[in-house]
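> One predicted model, sequence on top.
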Amino acid sequence: MSTITLTLNGQPLTLPAGATLADAAQASGLRPPFAAALNLQFVPRTQYPNTLLHAGDEIELIAPVTGG
Amino acid sequence: MNDDFLLYGERLKSRLLLGTSRYPSPAVLAQAIERSRPGMLTASLRRQTAGGESHNGFWDLLRGCGVPVLPNTAGCHSIREVLTTAEMAREVFETDWLKLELIGDDYTLQPDTLNLVACAEQLLRMGFKVLPYSTDDLVLCQRLVDVGCQAVMPWAAPIGTGKGPVNPHALRTLRERLPVPLIVDAGLGLPSHACQVMEWGYDGVLLNTAVALAQDPPAMAEAFADAVRAGHNAHRAGAMQAQDVAQPSTPVLGTPFWHQS
């Protein structure tokens, strides 16, 4: 099975070719709420399953924290 | 006279906006919120590991306290980073409110004044209610208003310094020149600082560290809430003109022993 390697929150992540953002989110182990950006573009939650990932993609998953 | 605190047409219940960071524990933060009943609470978004801060009670606290959330874009250094973070915040926090932070210098955390206006303009076009964190530069703040910001948040001093207003003249000039709500954001350390800027006619204050790092954060939060109210009421009451020469407050007429010594 071929794979792709990308980064999730700056860390390398290997997924099967054809994986989507929903797969990456699941692999992160994060529980909602969180939001996603792919290559510095916001991706709405509803689009995760339709967002195909490619080698070298940079994913950010960020969650609520305290702030000033 | 109507004394509602309106931002983008929405009424806030308090002129104190409170940050949620750097408290000793979520429980202490909850007590500070309860004691001060702020008009808004700021929050942010960060990379998290599974079971991180979002799940240590902060998210539940935020959702359960009944105070509107003001997400920030803290740490963003480019317009593109801000725009993406803003959209992510809108989805997570389910709000159009946004505290725009576009940092231009990591040492002073001074806003990127050369790109702030363009960034605010784009966010407004995207439907955000933008509250821009800015310096106290009059022309910068005027331009933010010109592109549609219905409120501006100049700093009193760099974030987290607690110095209080380092340039009172600039802040007072802003108040005189700009007809929109002005909120002092950052640099306040004492309730007297908050009271002072409210006496000058500021519409609100946003602070975090001064409460979070106090020895008793809930008590300090309440003290700031009282100070904000006192300063605002004093501004509405209209202060006397200071003068150089003493004026006896007790009537002179009928003074006993007059000219007998």
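Okay, I see it.

> Could I get the full set of strands for chain A?
Secondary structure of chain A by DSSP state E: the strands cover A:3-8, A:11-16, A:35-38, A:41-43, A:58-66.

> now those in a markdown table, with mean pLDDT?
Below are the strands of chain A laid out as a markdown table (pLDDT from 0 to 100):
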| stretch | mean pLDDT |
| --- | --- |
| strand A:3-8 | 97 |
| strand A:11-16 | 96 |
| strand A:35-38 | 98 |
| strand A:41-43 | 98 |
| strand A:58-66 | 96 |
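
> Now tabulate the ones you listed in CSV and tack on distance to B:Lys99.
(C-beta placed from N, C-alpha, C; glycine too.) Below are the strands of chain A laid out as CSV (distance: least, C-beta to C-beta, whole Å):
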stretch, distance to B:Lys99
strand A:3-8, 27
strand A:11-16, 29
strand A:35-38, 17
strand A:41-43, 18
strand A:58-66, 13
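
> looking at those strands, which is closest to B:Glu101?
Evaluated with C-beta to C-beta, the strands of chain A place strand A:58-66 nearest to B:Glu101, the distance being 14.3 Å.

> Buried by neighbour count: which residues of that closest one qualify?
Under the neighbour-count criterion of 16 or more other C-beta atoms under 10 Å in any protein chain shown, strand A:58-66 has A:59-66 buried.

> likewise stretch B:218-226?
B:218, B:220-225.

> Stretch B:147-156 too?
B:147, B:149-156.

> Redo the strands of chain A as TSV? Include distance to chain B.
Listed next are those as TSV, based on distance: least, C-beta to the nearest C-beta, whole Å:
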stretch	distance to chain B
strand A:3-8	9
strand A:11-16	9
strand A:35-38	4
strand A:41-43	4
strand A:58-66	4
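
> which ones are touching the closest residue to chain B within chain A?
Chain B sits closest to A:Gly67 of chain A, with a gap of 2.9 Å, by C-beta to the nearest C-beta. Counting by C-beta atoms under 8 Å, 6 or more residues apart in numbering or on different chains, A:Gly67 touches B:19-21, B:42-44, B:71-72, B:74.

> which one among those gets closest to B:Gly187?
The shortest approach to B:Gly187 among the contacts of A:Gly67 belongs to B:Gly19, at 12.4 Å (C-beta to C-beta).

> for that closest one, what are its contacts?
Each residue near B:Gly19 by C-beta under 8 Å, 6+ apart is listed here: A:66-68, B:41-42, B:206-209, B:211-212.

> In helices, which of the residues you listed appear?
Assigned to helices by DSSP state H, the following of those qualify: B:209, B:211-212.

> B:Leu138: neighbouring residues, count only.
Neighbourhood size, B:Leu138 [other C-beta atoms under 10 Å in any protein chain shown]: 15.

> Burial check on B:Ala118, number of neighbours?
Neighbours of B:Ala118 (other C-beta under 10 Å): 13.

> Which one of the residues in chain B is closest to chain A?
Nearest residue of chain B to chain A (C-beta to the nearest C-beta) works out as B:Ser44 at 2.9 Å.

> any idea how far the closest residue to that residue other than its chain neighbours lies from B:Asp4?
Of all residues not flanking B:Ser44 in the chain, A:Gly67 sits nearest, at 2.9 Å (C-beta to C-beta, 6 or more residues apart in numbering or on different chains). Distance from A:Gly67 to B:Asp4, counting by C-beta to C-beta, to the nearest Å: 26 Å.

> Residue nearest the middle of chain B, spatially speaking?
Centroid-nearest residue in chain B: B:Leu206, 2.1 Å away (criterion: C-alpha atoms, centre = their mean).

> is it true that that residue touches B:Leu182?
No: taking contacts as C-beta atoms under 8 Å, B:Leu206 lies outside contact range of B:Leu182: 11.1 Å.

> Mind listing the shared neighbours of those two?
B:Met153.

> re earlier: before we move on, which element is the residue of chain B closest to chain A in?
Per DSSP states H and E: B:Ser44 is located in strand B:40-47.

> That strand packs against which elements?
strand A:58-66, strand B:16-18, strand B:69-71, helix B:79-93 (3 or more C-beta pairs under 8 Å, 6 or more residues apart in numbering or on different chains; DSSP states H and E).

> tilt between the first one and strand A:11-16?
Translated: strand A:58-66. With axes from the mean of the first three to the mean of the last three C-alpha atoms, to 10 degrees defining the directions, strand A:58-66 sits at 120 degrees from strand A:11-16.

> quick one: strands adjacent to strand A:58-66?
strand A:3-8 (parallel), strand A:35-38 (antiparallel), strand B:40-47 (antiparallel) (DSSP bridges).

> Many thanks, have a good one.
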